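Q: Take this sequence and fold it.
(2 chains)
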Amino acid sequence: MELTGAEILIRCLQEEKVEYVFGYPGGAVLFLYDALFQQDDIRHVLVRHEQAAVHAADGFARSTGKTGVALVTSGPGATNAVTGIATAYYDSVPLVVISGQVATAFIGQDAFQEVDTVGVTRPCVKHNFLVRDVRELASTLKKAFYLAASGRPGPVVVDIPKDVSAARCEFSYPAEISMRSYNPVIRGHQGQVKKAAQLLLGARRPMIYAGGGVILSDAAEELTQLARLLGAPVTTTLMGLGAFPASDRQFLGMPGMHGTYEANMAMHHSDVLLAVGARFDDRVIGNVDHFAAEERKIIHVDIDPASISKRVKVDIPIVGNVRDVLEQLIRQIDGGTRPDLAHTAEWRERIEGWRARDCLAYKSSEELIKPQFVIQKLWEVTGGEAIVASDVGQHQMWASQYYRFDKPRRWLNSGGLGTMGVGLPYAMGAQLAHPGAQVACVTGEGSIQMNIQELSTCRQFRLPIKVCLLNNRYLGMVRQWQQMFHGQRYSGSYMDSLPDFVKLAESYGHVGIRVEKPGDVEGALREAFTTHKNELVFIDFQIDRSENVYPMVPGGKGLTEMILPSEDL
Amino acid sequence: MRHVISLLIENEAGALSRVSGLFSARGYNIETLTVAPTEDASMSRMTLVTTGSDDIIEQITKQLNKLVDVIKVTDLSEAPNIERELLLVKVHATGAAREEMKRMADIFRARIVDVTDSSYVIELTGNDRKLDAFIAAIDPALLLETVRSGTCGIGRGERVLRL
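A: This is a model prediction of the structure:
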């Protein structure tokens, strides 16, 4: 039987077991929406802005490991989606974004709501397609889902002209797909694995530096097993939080710009560094030469060869899927001579010395709400079990430092692109994927206003997210840099004319709470997570306006050149 | 260092812009770029001349390999290879210059492929240095127009770039 392009799309999504499509309708996708209306398998989540559609699909994907799906119309629908697509691209999140396009006969005519979506999105997608013939639609979608989730994951855009969604052809969905130009390496080279294992076993100062690749390949268990086997300390990047239990003694916290003293010192002074699914980006290694000046051997495991030796030269590259390579490493080490932990006793002692600096200590206050205190209370109240979706800025760093993530896929944030406004839509995607879970959105008054319209979506779909706004009436991270590096000239970083967030939340049909005293923080959180368990609660924490994020490695400085809180300016 | 990189890519709309976009986005140089379908019409062969340190060339080949439309990448400069470029040049050909241009073409083993009362079009094939030398040898006052194809290259001997 012949189906329309729109019906074929739905059948493909069903074949891929897609549960949710986050989207916003428009002229070019009317046929697609019509087909969506006439079935019950796939739920459509109507957002209030296309950017949020992509972020929500992204949050769904990050919290589940499944491929997220967004659907937008042509022209402004597609351009609004670009920030969401780029955000997912920089953090390697599997997404399929379907965009409508003007009819093929109108392409290139500057038609109403026409934009070259494939051209606009090209630099920030893993791949993209313009489907010019309905007979290519099913195989293109199969490729899109395959590309999005395999290898180094990423967003794939499929642009479907309106006439293609209306045209008919026989439907058949390919069971398998192979592409001659695309063959990601899964298993690591055994010779390299052997060399890596030897190096690790002989190390006096071993260290594991794990990134988002561990989360993406669902390898937290393998990483933990290897770390225990080696007795090596572990640091995880912002994207890797939860890849190793934060409450474990072997965990040193994050490395880099706002990493802990012990993680940065240990990373710098290690003699064998095992980098797993991390890419030595500029927020971790701000000064490549400073890092290279200290001698150490580096083993780098990554599925993307282009991530290896891009910024930091490594000694043993291993291209492969993180989980597979970790399994290989475990087998290699477990099967042979077990590491002698006495070897590394001195190293562990040295690390304890660094840890004793207690770099995350902060001055508590009876009067002012400290943002760190709010995050600690959030951790306590949720038993460390919440999914935390963060926005971008100071609050993001505090959440990453003080909410101790013991499990993967519970920390959702925009690490690579640093997109303000992701928090609420991420929380939406996560809450839909995990209806029973506690989902918190940690945000700032700058970030939340970048997608605040989604409070309406949350109401429509009854999403009981707990929005924890750390409100300092500043674009805090900008203010911090201006304070430290721009002569305290707070150019454009003060937020005037803020709304009354409590009333705003209420006007959307949610619960709003304002907290002004440290003594009320815990109570408000308990109220939100118990009394109002099934409602969205928006808590406006009026925090200490002058608080800064520490430790800090200023831009371009070496890992050991940290500013600690006691050295506050 | 100058490198000649050869690629097999899917002969699909937009494949070229994925490659050129990669170079502009990451700030890599392109000196010349040529592309045309191969004997298998589903594939195109591209030759790219670029410059950069070893680290940059390594990143370029890795990033090119990462593009989904790119089937194979090889750095021809890593082993003996042949490079050729085609030059078409239009020159004044009147009076004494008419004979002079004919002689010049002969010296460089170029061919005159179009003749009018007042002009020649000369065709010359060779590596880029030979073409540069030919252009430099022509009196600038006689030079009307030049067009170059950009370099294409192939490995010597057993070395083959194919599926």
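
Q: Listing request: residues of the stretch 451-569 of chain A with sub-threshold pLDDT.
A: Scanning the stretch 451-569 of chain A for pLDDT under 70 picks out A:566-569.

Q: Any idea how many residues pack against the closest residue to chain B within it?
A: Per CB to the nearest CB, the residue of the stretch 451-569 of chain A with the smallest distance to chain B is A:G556, at 19.1 Å. C-beta: built from backbone N, CA, C; applies to glycine. Residues lying near A:G556 (other CB atoms under 10 Å in any protein chain shown) number 10.

Q: my guess is it contacts A:N287, does it?
A: Yes: using CB atoms under 8 Å, A:G556 is in contact with A:N287, at 5.6 Å.

Q: returning to what we had before: assign the residue of the stretch 451-569 of chain A closest to chain B to helix, strand or coil.
A: The three-state assignment at A:G556 reads coil, by DSSP: H, G, I helix; E, B strand; the rest coil.

Q: which stretches of chain B form strands?
A: Assigned by DSSP state E, chain B shows strands spanning B:2-10, B:32-37, B:43-51, B:70-75, B:81-92, B:111-115, B:119-126, B:143-148, B:152-155.

Q: just checking, what packs against the fifth one?
A: Yep, that's strand B:81-92 we're talking about. helix B:96-107, strand B:119-126, helix B:128-137, strand B:143-148, strand B:152-155 (3 or more CB pairs under 8 Å, 6 or more residues apart in numbering or on different chains; DSSP states H and E).

Q: Export these as CSV, with columns for mean pLDDT and mean neighbour count.
A: Output for these, formatted as CSV (pLDDT from 0 to 100; neighbours: other CB atoms under 10 Å in any protein chain shown):
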stretch, mean pLDDT, mean neighbour count
helix B:96-107, 95, 14
strand B:119-126, 98, 19
helix B:128-137, 97, 15
strand B:143-148, 97, 13
strand B:152-155, 96, 19
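
Q: right, so of those, which gets closest to chain A?
A: Going by CB to the nearest CB, the one of the helices and strands packed on strand B:81-92 nearest chain A is strand B:152-155, 20.5 Å.

Q: and the closest one, which strands flank it?
A: Strand B:152-155 sits in its sheet next to strand B:81-92 (antiparallel), going by DSSP bridges.

Q: Pull the distance from the partner strand to the chain's centre.
A: Here the centre of strand B:81-92 is set off from its chain's centre by 9 Å, with CA atoms, centre = their mean, to the nearest Å.

Q: Could you pull out the buried residues of that strand?
A: B:N81, B:E83, B:R84, B:E85, B:L86, B:L87, B:L88, B:V89, B:K90, B:V91, B:H92 (16 or more other CB atoms under 10 Å in any protein chain shown).

Q: Look up the closest residue to the fifth one, ignoring the ones flanking it.
A: This points to B:L86. Leaving aside its sequence neighbours, B:L86 sits nearest to B:S149 (CB to CB, 6 or more residues apart in numbering or on different chains; 4.1 Å).

Q: Isn't A:D406 up against A:A243?
A: No: with contact defined as CB under 8 Å, A:D406 does not reach A:A243; the gap is 10.4 Å.

Q: which one of these two has more residues nearby?
A: A:A243 (37 against 16).

Q: and the nearest residue to that one once chain neighbours are set aside, which of the three is it?
A: Excluding the flanking residues, the one nearest A:A243 by CB to CB, 6+ apart is A:V214, at 3.9 Å. At A:V214 the chain is in helix, as set by three-state DSSP.

Q: Count the neighbours of A:V214 for me.
A: Neighbours of A:V214 using other CB under 10 Å come to 30.

Q: Work out which residue lies at the spatial centre of chain A.
A: Chain A has A:N413 as the residue nearest its centroid, 4.1 Å off, counting by CA atoms, centre = their mean.

Q: Can you pull the phi/psi pair for that one?
A: phi -160, psi 160 (degrees, to the nearest 10).

Q: Can you tell me the number of residues neighbouring residue 73?
A: Chain wasn't specified; assuming chain A. 25.

Q: Oops, wrong one, chain B.
A: Neighbours of B:V73 (other CB under 10 Å): 21.

Q: Bridged to it, which residues?
A: B:L7.

Q: That one touches B:I5, doesn't it?
A: Yes: using CB under 8 Å, B:V73 is in contact with B:I5, at 6.6 Å.

Q: Please enumerate the shared neighbours of these two.
A: Residues touching both B:V73 and B:I5 comprise B:T61, B:L64, with contact defined as CB atoms under 8 Å, 6 or more residues apart in numbering or on different chains.

Q: Please list the residues of chain B that sit near chain A.
A: B:9-10, B:13-14, B:17-18, B:21, B:25, B:55, B:58-59, B:62-63, B:65-66, B:68-71, B:163 (CB under 8 Å from any CB of the partner chain).

Q: Inside helices: which ones of these?
A: Among the residues of chain B next to chain A, DSSP state H puts B:S17, B:R18, B:G21, B:A25, B:D55, B:E58, B:Q59, B:K62, B:Q63, B:N65, B:K66 in helices.
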